[in-house]
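In: fold the following for me, if possible:
(chains A, B and C)
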Amino acid sequence: MGAKEKLRKNSQFAAVYEHGKTWANDLVVLKTLPNGLEWNRYGFVAGKRIGKAVVRNRVKRLFREIARATSTETGWDVVFIARNQAAKASYHELEASVAGLLNRARILIDKDRSEGTAEAR
RNA sequence: CAAGUAAACCGGGUGGCUGCCCCUUCUCGCGUCAAGCGGGAAGGGGAGGAAAGUCCGGGCUCCGCCGGGCAGGAUGCUGGGUAAUUCCCAGGAGAGGCGACUCUACGGAAAGUGCCACAGAAACAUACCGUCCCGAUGACGAAUCGGGAUAAGGGUGAAAUGGUGAGGUAAGAGCUCACCAGCGGCCGGGCGACCGGCCGGCUGGGUAAACCCCAUCCGGAGCAAGACCGAAUAGGAGGACUUACGGGUGCUCGGCCUGUCCUCGGGUUGGUCGCUUGAUCCUUCCGGCAACGAAAGGGCUAGAUAGAUGGCCACCGCCUGGUGGGAAUCAGGAAGAAGGCUGCGGUCGUAAACUGAUUUCUAGCAGGUACAGAACCCGGCUUACAGGUUUACUUGGCCC
RNA sequence: CGGGGCGUGGCGCAGUCUGGUUUAGCGCGCAGCGUUCGGGACGCUGAGGUCGGUGGUUCAAAUCCACUCGCCCCGA
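Out: Numbers count the residues shown, from 1 in each chain, chains lettered A, B, ... in the order given. Got it, this is the predicted structure:
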């Protein structure tokens, strides 16, 4: 994930917070906003209430891995905000949680379905 | 073997797939003179003992410089180590422990000031209950009154002017003596803190983590320091001053310097450097009780910037729990077996099965695998931490 | 990186500077009783506190000192 795929400035985060849509469950809050680019940009937030530095870094790494491994529509800014329960969650729990939210946001590409259509053709 | 004391150290491993940051080399596309921009491949490196808390100290950088005074702060037995310290080492004194050993904010209360509640007569100057003597009224006693002596006894308190014993006295008191404690002096040992001995007079509270005194030390700010490039906005408003005023990183004085300085308003908050070779690490050897220092040889060991070492899987290791099996040790062990001795009445007899406890090996099962993430860099301190290893020593039990 | 503040019954605060005089106090809340036909309000009574933790100084600590834990705020 190169520098251009990250949300880096406070103004970028503020734009997503202000104008984006919110999708949430017990583990994570997603905020999404179309960015007009040909790629996605991601931001990861783990507040101080999540835990100490080790825990916060771990949660952000897990989210970063999930964002890399999940295939989505392009042209979106997505901010991942960890909630308290995320500190104790495993990779698979977080992955399922994020996939559910992305599906509701209609930017998730379903692997099984896309493979199915490719074979049909 | 058990309990403990003191040091030093480790703090998961292997493999596969797939990602991240940095460096080196190569390469592709755009450009095509180059710089540059975008992408790819290979190789190498990539968190800690505390990276943490930010409690001390130093390097480094900037604040224009020098000197004096005041304020403020820190430290506080002695000697040494160090770049430096509130750290470390060695030693002294005191306290704790049977001991190995551990702990200590450990200068000064005859420089001065303050405070010491309640109780108590008194918490800086004193005598409440008492004790004793003399005198008067009594009857020589008791009692009362007056004068004097005393600080042993009672009582209060956290603390009452050395403690114990003996002598002494009207009763008493360091009044005298012995020992102990404290103070002062002399002699001896030690660089010193201090220790040992002798002598002397005879002794008057506590609190400086109350103000304070003494000695020593300290300029301020911090890598968001600071330097350069680029971008953007403004090129303003108000005030102070011009024989002096302001500024010059606590205040103040003197000297030097400077022509500006303060407040408000506005813009940017991008890149490069600083940025990792350093009081560095390892080995050997020398000096030193040690901390540590000197020399020689060798090594290069993270540099991010919404912030890099991750994710998934497999196997193994380690720990905990209960289950099955085996072994060892200890205790018990019916019928008192076999058997020994016999004065034929008896007496001595744990080997075994079996039971219980502890330790250990092993099989498979379940759960767990700490504390914690570099952000300028070092030296310490403090705090957190599953579990494990090694060495030295102490006490107790058993065996030789 | 630097600086400052807070922690006291369930909640919000005094007391800490200047240690003791008080059993650590006040308001709201809680419980019981009274008052009322009943409730509220009011009156009376009562329960409830490791003073964040550990250690130290002192005769004596919520108060002084050191370390430590948690929370909050400010500046660059």
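In: hmm, A:G100 is touching A:N25, no?
Out: Yes: applying Cβ atoms under 8 Å as the test, A:G100 and A:N25 come out as touching, 6.9 Å apart. Just so you know, the C-beta spots here come from the backbone N, C-alpha and C atoms, and that holds for glycine as well.
In: any idea how far whichever residue of chain A sits closest to RNA strand B lies from A:V59?
Out: At 3.0 Å from RNA strand B, A:Y91 is the closest residue in chain A, using Cβ to the nearest atom of the strand. Per Cβ to Cβ, to the nearest Å, A:Y91 is found 11 Å from A:V59.
In: over to A:A82?
Out: A:A82 is 5 Å from A:V59, by Cβ to Cβ.
In: which neighbours do the two have in common?
Out: A:A46, A:I50 (Cβ atoms under 8 Å, 6 or more residues apart in numbering).
In: what does the most centrally placed residue in chain A show for phi and psi?
Out: By Cα atoms, centre = their mean, chain A has its centre lying nearest to A:F80, at 4.8 Å. A:F80 adopts backbone torsions of phi -100, psi 120, taken as degrees, to the nearest 10.
In: what sits against the closest residue to it other than its chain neighbours?
Out: In space, A:F80 comes closest to A:F63 once its chain neighbours are excluded; the distance is 4.5 Å by Cβ to Cβ, 6 or more residues apart in numbering. Counting by Cβ under 8 Å, 6+ apart, A:F63 makes contact with A:V28, A:F44, A:F80, A:A82, A:L94, A:V98.
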